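Enquirer: just need the structure, nothing else, for what follows:
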Amino acid sequence: MMQKLQLPEYSFRLREERGRRLIFDEIRRRFVALTPEEWVRQHFLHYLAGEKGYPASLMAVEKKVTVNGLSQRFDLLVYDRKGAPLLVAEFKAPGVAVTQAAFDQAVRYNSALKVPLILVSNGLQHFVCRVDYEAHTAGYLKEVPHFDDL
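Expert: Okay, here's the model as predicted:
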């Protein structure tokens with residue numbers, strides 16, 4: 001069993017295949033390897049959709065983004081209803097500390113995406129930062145805002 005996280009508990013479709021545990025990803029519509037990082041991502045996908053009103057149809061998981069000419073892959077990108085990037089998330093396994101390096105990784109993706117919300121979590125600690133590009137400021141939020149409040 002995977003580690004209990006600081007997120008609500010959800011029911012997941014799990015299966016074992018060739019000795020590997022798999023979890024069904026509703027966004028990618030397929031089973032993926034159940035790693036500790038994936039456990040955090042799946043909890044957050046359900047949390048954002050179920051508790052915070054983020055439409056699953058506006059979420060993209062593990063897609064490529066080009067940053068400084070290099071192909072990178074973000075963990076989660078959420079778009080607004082007009083198709084503009086709204087939130088980028090970087091997930092770590094529960095045993096991996098949320099460090100400045102994790103934020104730097106999300107900020108690197110954001111240099112190409114220009115999203116107003118950056119989320120970094122290891123499932124135990126969650127950090128959300130709002131970036132105001134016009135005022136050239138950034139600040140941490142106490143929690144992930146509800147989609148309807150953005």
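
Enquirer: parallel or antiparallel, which strands does the helix or strand bottoming out on mean pLDDT in the chain pair with?
Expert: Using mean pLDDT, DSSP states H and E, strand 64-67 stands out as the lowest-scoring helix or strand of the chain, at a mean of 74. When pairing is defined by DSSP bridges, strand 64-67 lines up against strand 70-73 (antiparallel).

Enquirer: who touches the strand it pairs with?
Expert: Residues outside strand 70-73 that contact it (Cβ atoms under 8 Å, 6 or more residues apart in numbering) are Glu62, Lys63, Lys64, Val65, Thr66, Arg108, Tyr109. (Glycine included, C-beta is placed from N, CA and C.)

Enquirer: drop anything exposed from the residues you listed.
Expert: By neighbour count, with 16 or more other Cβ atoms under 10 Å, those hold Val65, Arg108, Tyr109 as buried.

Enquirer: let me have those residues in CSV, extended by distance to Phe91.
Expert: Below are the buried ones among the contacts of strand 70-73 laid out as CSV (distance: Cβ to Cβ, whole Å):
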residue, distance to Phe91
Val65, 16
Arg108, 15
Tyr109, 12
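
Enquirer: sweet, I'm off.
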